[in-house]
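Participant: Quick one: sequence and predicted model below, then my questions.
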Amino acid sequence: MADESLIPPPSPMNINNEDELNLFVQDVSREENESVKKPQYFSCLGQVNPNDFDNCCHNSRLKGGDLVRLLKKNFGVCKPLALCCELFGMVLPNAVALTVHLQDVFAMAKRQIFFLRHSAEGASQSIHQGMSSNMLQIRREMCAFLDFIKTEICRWLETMSCGQSVQISMRAKEINISDCLVAILKEFHGLLLFMGRLSDLPDCILQNGISHHGNKCSSAVYHYYHIYLDVWWSFLQILHLLSSSTNFKNSMLDLQFCKVQQLETESIFSQGLLLLLWDLCYIGARKFAKLSQEDYFKVSPFSCTCCQELWTMIILLLESRQEDLSED
């Protein structure tokens with residue numbers, strides 16, 4: 001088994017350039033003001049139709065411009081002149097939210113994940129129905145937190161690229177931006193260890209975590225499964241932003257999320273990508289475990305439309321990195 005290669009499913013969409021990618025974006029610039037208030041998260045359409053390549057929800061991450069914002073390094077989450085942000089109900093100054101209060105906000109994120117896990121695995125269906133609005137609100141707050149991290153990282157990296165001061169003044173002392181970015185990565189790594197990987201989710205979560213009702217679904221299982229997709233995709237986005245910055249590359253040399261001898265590079269982006277791809281392939285393989293060979297082409301390898309959307313964005317991101325960063 002160790003020498004068997006993992007072959008990802010074929011790309012559900014063949015997009016060759018940025019112009020074609022923009023066809024999937026519903027007027028991102030026109031809705032930029034709305035994106036300040038509404039964080040993006042995956043929205044499901046249920047099981048994937050193998051004969052329909054356009055399975056993305058109209059307000060999905062891909063059609064909502066999430067990938068375009070990533071490639072342009074402009075998430076448009078925070079207002080340019082805003083001095084404070086609201087994270088998990090706490091109003092914090094932007095300047096210290098990810099420095100002084102870094103451990104506090106990540107502790108709140110773990111608390112939200114724990115609440116969703118408890119609701120999904122231990123609560124009855126009747127409780128799921130009554131708490132559906134709370135479940136979606138938890139995901140909104142979590143994704144707003146993830147978007148805030150990406151926005152601040154873009155801002156700090158832009159400061160470094162312009163040759164400006166790489167120090168953050170805080171409580172009469174200065175902190176190096178690179179040290180702050182490394183601290184964020186380590187806290188995020190701790191969040192992922194707390195959550196676990198997609199492949200760790202039990203079959204009942206994977207099977208019942210999809211719905212053609214999208215985020216209007218009342219099941220806690222649905223929101224629990226999809227917050228995994230939200231967090232792991234955001235993690236890959238952050239790794240892309242940091243690894244594509246020449247000013248921060250040297251600060252990541254000692255960071256390690258997984259160790260694989262077959263990798264020729266120790267890039268943390270490659271490590272995070274490998275973890276996510278392995279899990280997505282594993283989830284796809286589990287769907288075919290009980291099928292006969294005659295049924296293989298009748299079933300999609302994607303657990304839901306959000307999983308297909310995630311595959312699509314990963315493929316497009318890798319194509320962009322190959323073109324811009326000359327990566328294989």
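Facilitator: Structure's in. What do you need?

Participant: What ranges in the stretch 201-328 of the chain fall below the confidence cut-off?
Facilitator: 249-255, 258-266, 326-328 (pLDDT under 70).

Participant: try the stretch 1-150 of the chain
Facilitator: In the predicted model of the stretch 1-150 of the chain, residues 1-37, 50-58, 75-82, 122-133 satisfy pLDDT under 70.

Participant: That one: helices as residue ranges?
Facilitator: In the stretch 1-150 of the chain, the helices defined using DSSP state H, counting those that start in this stretch lie at 18-22, 32-37, 66-72, 94-97, 102-122, 125-130, 132-161.

Participant: tell me which residues in stretch 212-223 are buried?
Facilitator: Using 16 or more other C-beta atoms under 10 Å as the test for burial, stretch 212-223 gives Gly214, Asn215, Cys217, Ser218, Ser219, Ala220, Val221, Tyr222, His223. (Each C-beta comes from the backbone N, C-alpha and C, glycine too.)

Participant: What is the end-to-end distance of that stretch?
Facilitator: By C-alpha to C-alpha, to the nearest Å, the extent of stretch 212-223 from end to end equals 13 Å.

Participant: quick one: stretch 230-237 to chain centroid distance?
Facilitator: Between the centre of stretch 230-237 and the centre of its host chain there is 2 Å, according to C-alpha atoms, centre = their mean, to the nearest Å.

Participant: try stretch 177-191
Facilitator: 16 Å.

Participant: Repeat that for stretch 303-313.
Facilitator: That offset, for stretch 303-313, works out to 12 Å (C-alpha atoms, centre = their mean).

Participant: now do stretch 145-152
Facilitator: Centroid separation between stretch 145-152 and its chain, computed with C-alpha atoms, centre = their mean, is 11 Å.

Participant: How about stretch 97-104?
Facilitator: Centroid separation between stretch 97-104 and its chain, computed with C-alpha atoms, centre = their mean, is 20 Å.

Participant: the strands in the stretch 151-300 of the chain, which residues?
Facilitator: For the stretch 151-300 of the chain, applying DSSP state E, counting those that start in this stretch gives strands covering 167-170, 173-176.

Participant: Now the weakest link among these, please, by mean pLDDT.
Facilitator: Per-stretch mean pLDDT for the strands of the stretch 151-300 of the chain is lowest at strand 167-170 (a mean of 55).

Participant: Report how many residues lie close to the closest residue to Arg61 other than its chain neighbours.
Facilitator: Take Arg61 and drop its neighbours on the chain: the residue closest to it by C-beta to C-beta, 6 or more residues apart in numbering is Gln40, 5.2 Å away. Using other C-beta atoms under 10 Å, Gln40 has 23 other residues around it.

Participant: and what of the one 4 residues further on?
Facilitator: For Cys44, the number of neighbouring residues by other C-beta under 10 Å comes to 27.

Participant: these two touch, right, it and Cys304?
Facilitator: Yes - under the criterion of C-beta atoms under 8 Å, Cys44 makes contact with Cys304 at 5.2 Å.

Participant: Residues that sit against both of the two, list them.
Facilitator: Ile210 (C-beta atoms under 8 Å, 6 or more residues apart in numbering).

Participant: coming back round to it: out of the helices of the stretch 1-150 of the chain, flag the one nearest Leu273.
Facilitator: helix 66-72 (14.0 Å; C-beta to C-beta).

Participant: Hmm, Leu71 is touching Ser320, no?
Facilitator: Yes - counting by C-beta under 8 Å, Leu71 does reach Ser320; the two are 5.6 Å apart.

Participant: show me what contacts the closest residue in space to Leu146 that isn't next to it in sequence?
Facilitator: Among residues not flanking Leu146 along the chain, Ser234 sits closest, at 4.1 Å (C-beta to C-beta, 6+ apart). Ser234 sits next to Cys143, Leu146, Asp147, Ile149, Lys150 when contact means C-beta under 8 Å, 6+ apart.

Participant: Ser234 and Glu187, how far apart?
Facilitator: 13 Å (C-beta to C-beta, to the nearest Å).

Participant: again, but for His118
Facilitator: 22 Å.

Participant: Of those two, which one has the most company?
Facilitator: Using other C-beta under 10 Å, the more surrounded residue of His118 and Glu187 is Glu187, with 18 against 12.

Participant: now the more buried one: how far from Asp279?
Facilitator: Distance, Glu187 to Asp279, using C-beta to C-beta: 21 Å.

Participant: ditto for Leu241
Facilitator: According to C-beta to C-beta, Leu241 and Asp279 sit 21 Å apart.
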